[in-house]
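[1] heads up, no residue letters with this:
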Ligand SMILES: [Mn+2]
């Protein structure tokens, strides 16, 4: 399938790249790596996001377009998601496209277009984009290597998560000489806006435990929209606590409660979230529940109790 997608891409003169809403390092890194590679082939390629880029990634200098109805594209490739509802407003772009392609690594319920690659054995979408770029026969330069490095390091937590494989390391080894590792890792993992630190401290101080400390729950019932992007990794903070096997973060967004779930070992986060209409990976998944905050939270925790 990768070959077919590469062939298709080579035949095009313009492509729009879309990814999932609230894009993380993998979503952005794999999208921009693909953009830079396509541009080297003389193909016009834009990354379109639903909202302006998360300030955490401003250090990259990446410049996406922000979705508006004026943007239209015949050819759309989706990266790091496999259900078009995951792209938020950009779903319209995907729907209206003549050529639709997907390169993803989430557990997939159904094939959503003809040129569709969803390989959940890949640690990051960036691993698949690395292979796609090789298939396109583009030489990897500093900009592409840095984007792929950010992608893979983000989704593997710096090669510490269980999804990390020999292949992950092999790919990184091929990129690393082109990347300013110390700078990128400091920006990616160490630097935090003061606001994020303050907000995290407040929410962490209110952590609740269930199931003899095996389930750690962090909640943000009231959250200013401008603070939302600061809280991408809150479920992991619960898992920092000794003995905690399930970390869950609830936040109110509009009429729904967004749930992000992180688990250890055999506790299947994707399966749990799929019961609530969501999905993801075995140890990291999410869903939205259209119920009042406390009700949604209680219902979800009741389900989690069955897993410990
Ligand atoms: Mn990913």
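    Yes, it's here. None of the values given here were measured: they were computed from a predicted structure. Numbers count the residues shown, from 1 in each chain.

[2] ends of stretch 78-97, what's the gap?
    11 Å (CA to CA, to the nearest Å).

[3] equivalent analysis for stretch 155-170, please.
    16 Å.

[4] may I see the buried residues of that stretch?
    Neighbour counts using 16 or more other CB atoms under 10 Å place 155-157, 163-164, 168 of stretch 155-170 among the buried residues. C-beta here means a position set from N, CA and C on the backbone, and glycine is covered the same way.

[5] what is the nearest of those residues to residue 207?
    When those are ranked by distance to residue 207 (CB to CB), residue 157 comes first, at 20.3 Å.

[6] helix/strand/coil for that closest one?
    coil (DSSP: H, G, I helix; E, B strand; the rest coil).

[7] likewise residue 286?
    strand.

[8] what's the spacing between the nearest residue to it once chain neighbours are set aside and residue 287?
    Among residues not flanking residue 286 along the chain, residue 260 sits closest, at 4.6 Å (CB to CB, 6 or more residues apart in numbering). Using CB to CB, to the nearest Å, we find residue 260 at a distance of 9 Å from residue 287.

[9] swap in residue 74?
    Computed as CB to CB, the residue 74 to residue 287 distance reads 33 Å.

[10] for those two, indicate the residue with more neighbours.
    Using other CB atoms under 10 Å, the more surrounded residue of residue 74 and residue 287 is residue 287, with 23 against 13.

[11] report the beta-bridge partner residues of that one.
    residue 259 (DSSP bridges).

[12] how many neighbours does residue 122 have?
    25.

[13] start the count at 761, not 1, going forward
    Fine by me, first position is 761 from now on; the one you just mentioned is residue 882.

[14] identify the residue nearest it in space, chain neighbours excluded?
    residue 865 (4.0 Å).

[15] do you know how far the one you found is from residue 957?
    Applying CB to CB to residue 865 and residue 957 gives a distance of 31 Å.

[16] so what's the residue nearest to residue 882 scoring on pLDDT?
    pLDDT, residue 865: 95.

[17] that one: how many residues sit nearby?
    27.

[18] who touches it in this structure?
    Residues near residue 865 by CB atoms under 8 Å, 6 or more residues apart in numbering: 840, 878-885, 887-888.

[19] distance to residue 849 and pLDDT for these - can I get that in CSV?
    Converted to CSV, the contacts of residue 865 look like this (distance: CB to CB, whole Å; pLDDT from 0 to 100):
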residue, distance to residue 849, pLDDT
840, 16, 96
878, 22, 92
879, 27, 94
880, 26, 92
881, 30, 95
882, 26, 97
883, 28, 96
884, 24, 98
885, 20, 98
887, 27, 98
888, 24, 98
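
[20] of these - the most surrounded one?
    In those, the most neighbours by other CB under 10 Å go to residue 885, 33 neighbours.

[21] quick one, what contacts the residue of the stretch 911-1060 of the chain found nearest the ion?
    Closest residue of the stretch 911-1060 of the chain to the ion, CB to the ion: residue 915 (4.5 Å). Each residue near residue 915 by CB under 8 Å, 6+ apart is listed here: 784-786, 883-886, 921, 923.

[22] by contact count, what packs against the helix or strand where residue 957 lies?
    Assigned by DSSP states H and E, residue 957 belongs to helix 954-965. Here helix 954-965 is seen to pack against strand 975-980, helix 994-999 when contacts are counted using 3 or more CB pairs under 8 Å, 6 or more residues apart in numbering; DSSP states H and E.

[23] return the most buried member of the ones you listed.
    Across the helices and strands packed on helix 954-965, averaging neighbours per residue (mean count of other CB atoms under 10 Å) puts strand 975-980 on top, at a mean of 22.

[24] tell me the angle of that one relative to helix 954-965?
    Orientation check (axes from the mean of the first three to the mean of the last three CA atoms, to 10 degrees): strand 975-980 against helix 954-965 gives 130 degrees.

[25] pull up the pairing partners for strand 975-980, direction included.
    Sheet pairing for strand 975-980, using DSSP bridges, gives strand 968-970 (antiparallel), strand 1006-1013 (parallel).

[26] can you lay out these as JSON lines showing mean neighbour count and mean pLDDT?
    Shown next, in JSON lines, are the strands paired with strand 975-980 (neighbours: other CB atoms under 10 Å; pLDDT from 0 to 100):
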{"stretch": "strand 968-970", "mean neighbour count": "14", "mean pLDDT": "98"}
{"stretch": "strand 1006-1013", "mean neighbour count": "22", "mean pLDDT": "96"}
